[in-house]
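S.K.: Need coordinates for the below:
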Amino acid sequence: LLFQILFIRKTPVELVSQQVEVFLAVDEIVGGSRAMLFPRNVVSEPLGYYWLALISRLFPASMRICAFHVANILSFCLGLAFLFRLAKLLFDKWVAIVAVFLFGVGFWPILQNTALLGSSLVFPLLSTALFYLFRGLLREKRGDIFLFGVISGLGLFANKLFLMMPIMTLLVVLIWLIFTRKQNRILRVLAWFGLAVLTMVVVAGPFMATVSQNPTVSLEPIFSRISDLEVNIEGHAFVIFAKNLFQAMGMLNWSNRSGWVDGIANRPALDLLSAVFFLIGLVWLIARAVKEKAWPYIALFVTGILFLVPSALSIAFPLENPSLSRAYGMAIPAMILAAVGLVLVVKWLGRSKYTRIIVSVVCAFVIIFFNYQLLHRVYVDNYRQNAWNAREMSETVLKFEQNYGDDGQAWLLGYPYWVDERAVAIMAGKAPNSLLLNLDDIHGIVNQPGAKLFILHLEANDSLNTLKTVFPNGVESMVASELENKDYRIYFVPEN
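M.R.: Numbering: from 1, shown residues only. Alright, predicted model coming up:
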């Protein structure tokens with residue numbers, strides 16, 4: 001928790017348009033909207049935005065970013081609690097403790113949780129659902145299967161990843177049935193599967209009804225990846241899928257192709273040491289599964305493969321695979337297996353209690369160091385290089401307002417493929433559209449009292465010439481950015 005708090009103080013590094021849409025969705029909900037679909041957003045499902053809106057009501061509008069961070073931390077802590085219970089259920093308390101540690105400091109889950117793209121409820125809902133599914137089968141408790149269905153149904157309100165849950169449920173139940181050799185209970189098992197799926201459908205009914213009214217809006221992101229809806233598929237679809245799945249299997253230890261907003265591309269999804277422990281845990285799991293025919297281990301392995309499928313289904317755009325966001329579900333079995341590997345190594349190397357403590361502390365320190373470097377340096381630097389410097393522009397606006405009070409007004413004149421003026425406004429603690437000004441509307445603010453500040457792109461010469469014509473007493477200057485090729489121009493008009 002402390003590790004994540006240290007990082008979120010730096011986030012968002014810069015606001016981008018995809019994150020701005022999250023703020024607008026929350027504003028709509030706070031304003032009274034009860035929409036069930038947000039097609040403009042990266043995540044169109046509504047539950048994450050309603051959760052952010054709920055916590056936002058506890059904070060003033062100027063602290064909206066802080067409210068989002070609090071909401072994300074709360075949901076992350078809930079997910080860690082059920083991850084602990086799941087790992088303890090399948091292994092033991094030491095594996096559970098280490099799994100929570102690895103997930104809590106891993107750059108992959110932290111970025112997915114703090115990216116402000118609307119997917120912060122995926123982890124808590126998924127870890128909770130998996131816990132009740134495995135416990136329900138291990139203890140043969142119908143109530144747990146029912147809860148699994150409820151939570152999976154809620155998950156459909158949160159992310160498309162949960163569309164995999166009926167298939168995963170069927171496979172896990174079949175694995176349980178085959179390897180426990182309880183064929184005489186096949187009708188009971190089928191009843192459990194039916195209960196889980198029926199509960200999912202009932203809980204997700206309102207959302208499914210909304211999707212059925214306009215399926216194109218909700219399902220277009222899926223069909224655009226698995227068909228030639230946007231681009232022609234180059235090659236046989238099944239061959240591309242198989243290749244994608246093979247590449248996705250290697251993302252934990254080899255490389256991924258995620259975007260710079262919610263990931264670090266061209267590197268493994270795990271830090272160096274966790275990746276090694278994951279391989280050790282995976283080999284141990286397979287060996288135990290083969291030797292003991294332990295169905296929970298086989299089921300855990302299969303669910304991990306299934307969670308890679310949403311990323312591998314990027315058939316029309318294979319260069320988007322592997323994706324850390326689409327394969328986020330894999331983080332749960334990956335961290336559990338890495339925890340298994342670490343616990344095994346500690347037991348092998350530590351003959352005494354003190355030796356085990358020393359080995360554990362050294363491993364924990366190295367893992368924290370690796371992830372700290374990845375988050376605070378690699379990710380932040382890469383993000384700043386790719387995003388426009390909305391934070392610097394917001395600081396310019398705030399400094400202007402401090403100097404000229406409430407009578408002063410700042411605007412940002414848009415320019416193609418430049419910063420989103422709504423992002424600048426939000427980072428300045430203002431309403432999203434408060435800085436918006438079209439070039440054609442400049443004549444309408446000539447008689448407005450108070451000093452005026454206009455922020456322009458360096459190459460926006462037409463806008464600058466218009467400002468000089470309308471406000472001949474203005475002063476032009478350039479603001480030098482800390483980053484290369486991110487300078488911008490301001491035009492200051494003093495009060496009449």
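S.K.: Can you pull the phi/psi pair for N485?
M.R.: phi 60, psi 30 (degrees, to the nearest 10).
S.K.: those strands in the stretch 351-496 of the chain, which residues are they?
M.R.: 409-412, 452-456, 475-479, 488-493 (DSSP state E, counting those that start in this stretch).
S.K.: Export the ones you listed to a markdown table and append columns for mean neighbour count, mean pLDDT and distance to I65.
M.R.: Where you see a C-beta, it was placed from the backbone N, CA and C, and this is true even at glycine. As requested, those are exported to a markdown table (neighbours: other Cβ atoms under 10 Å; pLDDT from 0 to 100; distance: least, Cβ to Cβ, whole Å):
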| stretch | mean neighbour count | mean pLDDT | distance to I65 |
| --- | --- | --- | --- |
| strand 409-412 | 24 | 91 | 19 |
| strand 452-456 | 24 | 93 | 21 |
| strand 475-479 | 12 | 92 | 23 |
| strand 488-493 | 20 | 93 | 22 |
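S.K.: Export these to CSV and append columns for distance to I367.
M.R.: Compiled in CSV, the strands of the stretch 351-496 of the chain are given as follows (distance: least, Cβ to Cβ, whole Å):
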stretch, distance to I367
strand 409-412, 42
strand 452-456, 42
strand 475-479, 40
strand 488-493, 40
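S.K.: Can you classify the nearest residue to L308 once chain neighbours are set aside by secondary structure?
M.R.: Leaving aside its sequence neighbours, L308 sits nearest to A248 (Cβ to Cβ, 6 or more residues apart in numbering; 4.1 Å). Here A248 is recorded as helix under DSSP: H, G, I helix; E, B strand; the rest coil.
S.K.: residues touching A248, list them.
M.R.: Going by Cβ atoms under 8 Å, 6 or more residues apart in numbering, A248 touches 308, 311-312, 321-322, 327.
S.K.: Quick check, central residue of the protein?
M.R.: Q112 (2.9 Å; Cα atoms, centre = their mean).
S.K.: Report all helices and strands that the helix or strand encompassing that residue contacts.
M.R.: Using DSSP states H and E, Q112 sits in helix 107-114. Judged by 3 or more Cβ pairs under 8 Å, 6 or more residues apart in numbering; DSSP states H and E, helix 107-114 is in contact with helix 2-8, helix 64-90, helix 122-139, helix 331-349.
S.K.: Take it, keep the C-alpha atoms, and write them as CSV.
M.R.: Provided in CSV are the C-alpha atoms of helix 107-114 (Å, rounded to 0.1, in the frame of the first residue of the first chain):
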residue,chain,number,x,y,z
PHE,A,107,4.6,-2.6,-11.9
TRP,A,108,2.1,-4.5,-14.0
PRO,A,109,-0.9,-4.5,-11.6
ILE,A,110,0.0,-1.0,-10.2
LEU,A,111,-0.1,0.5,-13.7
GLN,A,112,-3.4,-1.2,-14.5
ASN,A,113,-4.9,0.1,-11.3
THR,A,114,-3.6,3.7,-11.5
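S.K.: Run through who's touching it.
M.R.: For helix 107-114, using Cβ under 8 Å, 6+ apart, the contacting residues are 3-4, 7-8, 11, 69, 72, 75-76, 103, 119-120, 122-123, 262-264, 269-271, 324-325, 328, 331, 335, 371, 374-375, 379.
S.K.: where does this protein dip in pLDDT?
M.R.: Along the chain, the parts satisfying pLDDT under 70 run over 182-185.
S.K.: S56: which of the contacts of A248 is nearest?
M.R.: A327 (29.3 Å; Cβ to Cβ).
S.K.: quick one, phi psi at that closest one?
M.R.: phi -100, psi 20.
S.K.: I'd say V346 and R356 touch.
M.R.: Yes. Between V346 and R356 there is a contact under Cβ atoms under 8 Å: 5.2 Å.
S.K.: more neighbours, the two?
M.R.: V346 (19 against 16; other Cβ atoms under 10 Å).
S.K.: OK, contacts around the more buried one?
M.R.: So V346 contacts 356, 359-360, 363 (Cβ under 8 Å, 6+ apart).
S.K.: swap in N386?
M.R.: Here N386 is in contact with W260 (criterion: Cβ under 8 Å, 6+ apart).
S.K.: How about the backbone phi and psi for the residue nearest to W254 when sequence neighbours are not counted?
M.R.: The shortest distance from W254 to any non-neighbouring residue, by Cβ to Cβ, 6+ apart, is to P268 (5.9 Å). The phi and psi values for P268, taken as degrees, to the nearest 10, are phi -60, psi 160.
S.K.: distance of P268 from W108?
M.R.: According to Cβ to Cβ, to the nearest Å, P268 stands 9 Å off from W108.
S.K.: higher neighbour count, the two?
M.R.: The neighbour count for P268 versus W108, taken as other Cβ under 10 Å, is higher for W108 (30 against 18).
S.K.: Report the separation between the more buried one and P449.
M.R.: 52 Å.
S.K.: Using PDB, write out the CA atom coordinates for stretch 226-233.
M.R.: Extracted as PDB, the C-alpha positions of stretch 226-233 are listed here (Å, rounded to 0.1, in the frame of the first residue of the first chain):
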ATOM      1  CA  ILE A 226     -11.300 -10.600 -34.500                       C
ATOM      2  CA  SER A 227     -12.600  -9.700 -38.000                       C
ATOM      3  CA  ASP A 228     -11.900  -7.500 -40.900                       C
ATOM      4  CA  LEU A 229     -14.300  -4.800 -39.700                       C
ATOM      5  CA  GLU A 230     -11.500  -2.100 -39.700                       C
ATOM      6  CA  VAL A 231      -8.600  -3.700 -41.600                       C
ATOM      7  CA  ASN A 232      -8.100  -6.800 -43.700                       C
ATOM      8  CA  ILE A 233      -6.800  -9.800 -41.900                       C
END
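S.K.: about what we covered before: what would the helices and strands packed on helix 107-114 look like in CSV with distance to F238?
M.R.: Formatted as CSV, these follow (distance: least, Cβ to Cβ, whole Å):
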stretch, distance to F238
helix 2-8, 40
helix 64-90, 33
helix 122-139, 27
helix 331-349, 25
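S.K.: Those helices: which one's closest to D440?
M.R.: helix 64-90 (30.4 Å).
S.K.: Going toward the C-terminus from the closest one, what's the next helix or strand?
M.R.: Following helix 64-90 in sequence, per DSSP H and E, is helix 93-105.
S.K.: Could you list every helix and strand in contact with that following helix?
M.R.: So helix 93-105, by 3+ Cβ pairs under 8 Å, 6+ apart, packs with helix 2-8, helix 64-90, helix 331-349, helix 353-373.
S.K.: any chance of the ones you listed in a markdown table, plus distance to F148?
M.R.: Shown next, in a markdown table, are these (distance: least, Cβ to Cβ, whole Å):
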| stretch | distance to F148 |
| --- | --- |
| helix 2-8 | 27 |
| helix 64-90 | 12 |
| helix 331-349 | 15 |
| helix 353-373 | 31 |
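S.K.: quick one: which of those is nearest S127?
M.R.: Using Cβ to Cβ, the helices and strands packed on helix 93-105 put helix 64-90 closest to S127, at 4.2 Å.
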